[in-house]
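Trainee: For reference, the sequence and a predicted model appear below.
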Number of protein chains: 4
Amino acid sequence: MEVTEFVPTPEQYAFTFGGVAPVQRVRPGDALRLWSDDAFCGALRSVRDLPSQRLTMPYVNPQTGPFFVEGAEPGDTLALHLVSLEPARDWGASALIPFFGGLTSTDRVVTLQPPLPETTWIYELDRAKSTVTFVANRSDHVIELPVEPMLGTIGVAPAGGEAHSSLVPERFGGNMDVPQVRAGATVYLGVNVEGALFSLGDGHYRQGEGEACGTAVEGAMTTTVLVELIKGVPTPWPRVEDDATWMSVGSSRPMEDAWRIATGDMITWFADLFGLDPIDAYQLLTQMARVPVANVVDTNYSVVVQAAKSLLPHASAYHGLHRELRQRAASLTAG
Amino acid sequence: MEVTEFVPTPEQYAFTFGGVAPVQRVRPGDALRLWSDDAFCGALRSVRDLPSQRLTMPYVNPQTGPFFVEGAEPGDTLALHLVSLEPARDWGASALIPFFGGLTSTDRVVTLQPPLPETTWIYELDRAKSTVTFVANRSDHVIELPVEPMLGTIGVAPAGGEAHSSLVPERFGGNMDVPQVRAGATVYLGVNVEGALFSLGDGHYRQGEGEACGTAVEGAMTTTVLVELIKGVPTPWPRVEDDATWMSVGSSRPMEDAWRIATGDMITWFADLFGLDPIDAYQLLTQMARVPVANVVDTNYSVVVQAAKSLLPHASAYHGLHRELRQRAASLTAG
Amino acid sequence: MEVTEFVPTPEQYAFTFGGVAPVQRVRPGDALRLWSDDAFCGALRSVRDLPSQRLTMPYVNPQTGPFFVEGAEPGDTLALHLVSLEPARDWGASALIPFFGGLTSTDRVVTLQPPLPETTWIYELDRAKSTVTFVANRSDHVIELPVEPMLGTIGVAPAGGEAHSSLVPERFGGNMDVPQVRAGATVYLGVNVEGALFSLGDGHYRQGEGEACGTAVEGAMTTTVLVELIKGVPTPWPRVEDDATWMSVGSSRPMEDAWRIATGDMITWFADLFGLDPIDAYQLLTQMARVPVANVVDTNYSVVVQAAKSLLPHASAYHGLHRELRQRAASLTAG
Amino acid sequence: MEVTEFVPTPEQYAFTFGGVAPVQRVRPGDALRLWSDDAFCGALRSVRDLPSQRLTMPYVNPQTGPFFVEGAEPGDTLALHLVSLEPARDWGASALIPFFGGLTSTDRVVTLQPPLPETTWIYELDRAKSTVTFVANRSDHVIELPVEPMLGTIGVAPAGGEAHSSLVPERFGGNMDVPQVRAGATVYLGVNVEGALFSLGDGHYRQGEGEACGTAVEGAMTTTVLVELIKGVPTPWPRVEDDATWMSVGSSRPMEDAWRIATGDMITWFADLFGLDPIDAYQLLTQMARVPVANVVDTNYSVVVQAAKSLLPHASAYHGLHRELRQRAASLTAG
């Protein structure tokens, strides 16, 4: 199986979902190997590189894409299976950006207080040990943490002629910052426009749930992805499936609304998967959901509702596509 | 070691934190074996028992207590170590209560829509298999789920002469619905009044994160708890420690504020545990926190911020009390 | 008509609704003349008096009461008609209290930023001109503003054995900070406990909507109030009536929930007043409501939904009680 | 002075801010007379016209524009002075749209409840009496209400290549639903893209604050507007000035954030207008702001913070432009 490589030039970076012409056409079944720059466009390379000096707002969180998927139409579902995520640099960066993050006032949570001190942390990647290293800025602490590569951002063009900053998580996906969007996962996104126009980026070498300060261990990433299309099946909000778990991702404000969206969608999905009445699905989920917060720092907050397959009867979503993609991915890797 | 047993009469049930006279005096170091009724006061025993007919609002979620801890004063921390939680009946109950829960309008999220259909589910407990069984109300589905006993509610009297319904999670603990409040965990609560006046109850044989519909698998519980007091050390918001994890629990509305509280408290705790500057603790947590939602259904929503001990340098909280309590618990169980 | 005077000693100040023994028994029909201290217990008397030095948290916002109303039972409505509000000192005070107010991080909206600078403003009262004078702290600006006395806090004991800080606005009234709670207004409060146990205080010589920084022009007040009881008629959330306007007050978080509560209650009230179906009342209110924000600074936020009588058919609430109380008040004042 | 007329064809209706090519170029100083269709594209003309049958989501709330303003660049402020708003039809319409509005679950506030009953109300306009007439759907009530024409939507293209539905209120203006956006008001909008690209529409013959059910008395409107440009002066969030009042409009979720934005912006504006330090401006606003809620039904909620000029020292915003535009408007009307 052939894999199409794509490395965008900086001029090709996409900073919105929607409103951008496709960089390339692909077909359902295609395998792509995509390089994406980090959320800072690679501008923070040392602890002395401060965001206000190095970043050009709002030109952050560059996406690789969009890709036009042949045959994709509104009402279809795009499936993106993540075969592998490989750190493409030997370091990642994180930063406190003035008035950005979860424990600071922001342009929304306006207060009259001064910003927190701008700070940049650089995490060296040790490929042998598969760690990134936290080096404290204000003391001598050094702590090694496991590398757990994920994509903060993946999405399609929104409906209704809208275009949203790549900083936004929404119904179309985008900057959801879900740690489970990693190798082995299939992301399902409802198609809103002809060609779907998907993009991805915002590689994180590691991220905690909530992404408290607003920036993970941001790193350039090489992502191998299988593209598939489920014709005539809509997907209202982003869903993620891996071998162990069904997941729905809600993004809104306040955070309880993100939860309501994801829980409501999972109940809809349970009706499809198991034939459960919504009232029974609501009850069952009450006793078994896992609900990690994904981010509390973006323009919308994201919450994931997870259902463990091991606790549930056997079921197949989207005609069993995830299992099939896992097999194709295995043969791809073997090849 | 002696264990004091206490089974409240229905007249002794406490429906508030604060405003209730103590049922008994205990001493730091005491072991208690406490029976608590389920959140429905045992009134839902069949799928034909509907909440509006059987429950007398607001007299739900009865607590066992309060206990006056000798020597406890404002500014101290009460530690409650959960040695064991044993289901005290052979069934649990869950229900859709009109205008209560996460996916319905409520007395706060007011809409003009009618309530969801009142429904009661009964979960039979199989002690041999250690399961409870979900039986769908509107189809033939039957699903066995593992028993995972926990306490939905544990807390002390609030400060400032306040008294809050046992349905409320707040700074004083209360109805936090945190699944990690289970056997093996130590709960730390700041003392607000002389004697601390702690209560506990709301046993759940099982609960998913978020407690979507508002009621878990509610069951009477026998809880063995070790009581300890840390003099002169305040605890601003409830914390939980088990062998693997440090946890802070925030409860407020909207849900992002619950997260802010818990994250802020964990940063404070990291300063104590590791000597990290708050700015560095904020960064470190960003890359490693786990953040499950506990409930989205109470008068306040609860969010847990967790830090895995395995990822962090060795540290001891509250003079290493948790480890010590684990040992005492082991000897108690052995005895 | 006789007027009962009551001036509490500092030991009689009530700092909660609920949980406090009554200071006096009164009867429906009674007129009371009540002195209340300012929200700072009179402790801020100069711009050099800083909150952190002078205030003893949580002992702020002292209430005068509670009064036991003979014959009041759960399910009744207490009507408190404000005959007059007279500033009882020649100055009011306002202050920035650390981590308190609408444009600062708080104990709920936790951030890592330092607090705003503590600042106290003293407003001299000119009785002849009926003004209070703003004197800027950091420049030479001096601005005279009209005196518009109101009560920030008025309420009854909550249901279910609860007791809430006098800083809280809730279903039982409390710290709603509604500028329309002024002379000429009738406040309706649902009775939750025998005797109703109402208190009032938190006089404001003037307050803008939202009470942005958290403290109005706080001043000791002498309030003349007529007490009435409507037997067998419940009131779910606080309502206010004056000659021109029907008002419902919702208090919750997030602020949209306060609005939902107040709008829902006004729709219920419209059904009573006019016989309108809720769907039609919803539509009518959509085109005519006025919706000022009362406060965005308390533990709950308060929003007022107002309906102008001039736009509506003639109707009488609570058997025309407001009109009758206005007449009684007039005769009282004349007397 | 010449007035340019523009009536869009249905094909020219704009359904987003951003992402749409200009319909015409205009110059600072120009007067325009613009026809805009109602928010339903004129599709609801009888109480039997139900939204789900007649509306094509998301193609609602059509805007007239965008207009390219010559010379406008990012960092400038566009001033749009509303000379007159004239109802362009003899009736307006309002409707309950399924899962849309303030007292229903929505696509964000997800619940499992069924939608409210779809209902359409038609308001006949009596030009002589200057009234619109509410006719109840479920009873015989008929209530005449004064016509008070306003624009629900006015805005410019957003920054960063974004395009937002015309249903959205945001930093760029849009669907703010502010009743004070009426004849005699000047709206100030920060310019984000070359030419500013402003549009307007969503005429309301009348609207209450909060726009509870989600739709006002929606009517086609003829708006006469004067266009001006303030070079080199940015405006962070929409502001409105009329003869009596300064206003800032914040739009976000939860609603307290909309309030924070507007209050913060007004404090910034007070610094410009009066030279007040932010801390003093915060205090002054606390005692004098009026804070009506504009809408609680859109994708963002909108709150207006108002400061009465009569209470403040004399000051001129944007070089006294509002006064000048009022004079030009007067001569235009006279002509």
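Mentor: Cool, got the structure. Residues are numbered from 1 along each chain as shown, chains lettered A, B, ... in the order given.

Trainee: Check the gap between the residue in the stretch 151-300 of chain A positioned nearest to chain C and chain B for me.
Mentor: Among residues of the stretch 151-300 of chain A, the one nearest chain C by C-beta to the nearest C-beta turns out to be A:Pro254. It sits 5.3 Å away. The way it works is simple: take the backbone N, C-alpha and C, and place the C-beta from them, glycine included. Note on A:Pro254: its distance to chain B, by C-beta to the nearest C-beta, to the nearest Å, is 3 Å.

Trainee: Just give me the neighbour total for that residue.
Mentor: 28 (other C-beta atoms under 10 Å in any protein chain shown).

Trainee: right, and it touches D:Ser252 too?
Mentor: No: here A:Pro254 does not reach D:Ser252: they are 10.3 Å apart, not a contact under C-beta atoms under 8 Å.

Trainee: Next up, the contacts around A:Val47.
Mentor: Contact analysis of A:Val47 by C-beta atoms under 8 Å, 6 or more residues apart in numbering or on different chains lists A:Thr119, A:Thr120, A:Trp121, A:Ile122, A:Asn137.

Trainee: Tell me which helix or strand it sits in.
Mentor: In this structure, A:Val47 is located outside every helix and strand according to DSSP states H and E.

Trainee: Next, it: phi, psi?
Mentor: Torsion angles at A:Val47 (phi, psi; degrees, to the nearest 10) stand at phi -70, psi -10.

Trainee: And it, how far from A:Trp121?
Mentor: Look at A:Val47 and A:Trp121: by C-beta to C-beta, to the nearest Å, they are 7 Å apart.

Trainee: Then A:Ala72?
Mentor: The separation that A:Ala72 has from A:Trp121, given C-beta to C-beta, amounts to 40 Å.

Trainee: All the strands of the stretch 101-250 of chain A, residue numbers only.
Mentor: When secondary structure is read from DSSP state E, counting those that start in this stretch, the stretch 101-250 of chain A shows strands at A:119-126, A:131-135, A:142-146, A:150-155, A:164-165, A:169-170, A:173-174, A:186-190, A:198-206, A:217-218, A:221-230, A:239-241, A:245-252.

Trainee: For the stretch 101-250 of chain A, which residues are neighbours of chain C?
Mentor: Proximity of the stretch 101-250 of chain A to chain C (C-beta under 8 Å from any C-beta of the partner chain) is limited to residues A:Leu103, A:Thr104, A:Ser105, A:Val109, A:Val110, A:Thr111, A:Leu112, A:Gln113, A:Pro114, A:Pro115, A:Leu116.

Trainee: Among the residues you listed, which pair sits farthest apart?
Mentor: Checking those against each other with C-beta to C-beta, the farthest-apart pair comes out as A:Leu103 and A:Leu112, at 16.6 Å.

Trainee: before we move on, back to that, for chain D, state which of the residues of the stretch 101-250 of chain A next to chain C is nearest.
Mentor: The nearest one, if we look at those relative to chain D and count by C-beta to the nearest C-beta, is A:Val110, at 3.7 Å.

Trainee: Not counting residues beside it along the chain, what's closest to A:Gly275?
Mentor: Nearest-residue entry for A:Gly275: B:Ser139, 6.5 Å, with adjacent residues in sequence omitted and distances by C-beta to C-beta, 6 or more residues apart in numbering or on different chains.

Trainee: number of nearby residues for the one you found?
Mentor: Based on other C-beta under 10 Å, the number of other residues close to B:Ser139 is 12.

Trainee: OK, now which residue of the stretch 101-250 of chain A is nearest to chain C?
Mentor: Nearest residue of the stretch 101-250 of chain A to chain C: A:Gln113, at 4.1 Å (C-beta to the nearest C-beta).

Trainee: pretty sure that residue contacts A:Phe99?
Mentor: No: judged on C-beta under 8 Å, A:Gln113 makes no contact with A:Phe99 at a distance of 9.7 Å.

Trainee: Now list whatever residues contact both of the two.
Mentor: Between them, A:Gln113 and A:Phe99 share the neighbouring residues A:Ser105, with contact defined by C-beta under 8 Å, 6+ apart.

Trainee: And the lengthiest helix in chain A, what's buried?
Mentor: Within chain A, and with DSSP state H defining each element, the longest helix by residue count is helix A:255-274. Going by neighbour count (16 or more other C-beta atoms under 10 Å in any protein chain shown), the buried part of helix A:255-274 is A:255-270, A:273-274.

Trainee: And stretch A:217-231, by the same measure?
Mentor: A:217-230.

Trainee: Please report phi then psi for A:Arg323.
Mentor: Taking degrees, to the nearest 10 as the convention, A:Arg323 sits at phi -60, psi -40.

Trainee: what does chain A put close to chain D?
Mentor: Residues of chain A lying close to chain D (C-beta under 8 Å from any C-beta) are A:15-16, A:18-20, A:58-59, A:107-112, A:159-165, A:252-254, A:257, A:260-261, A:263-264, A:267, A:278-279, A:282.
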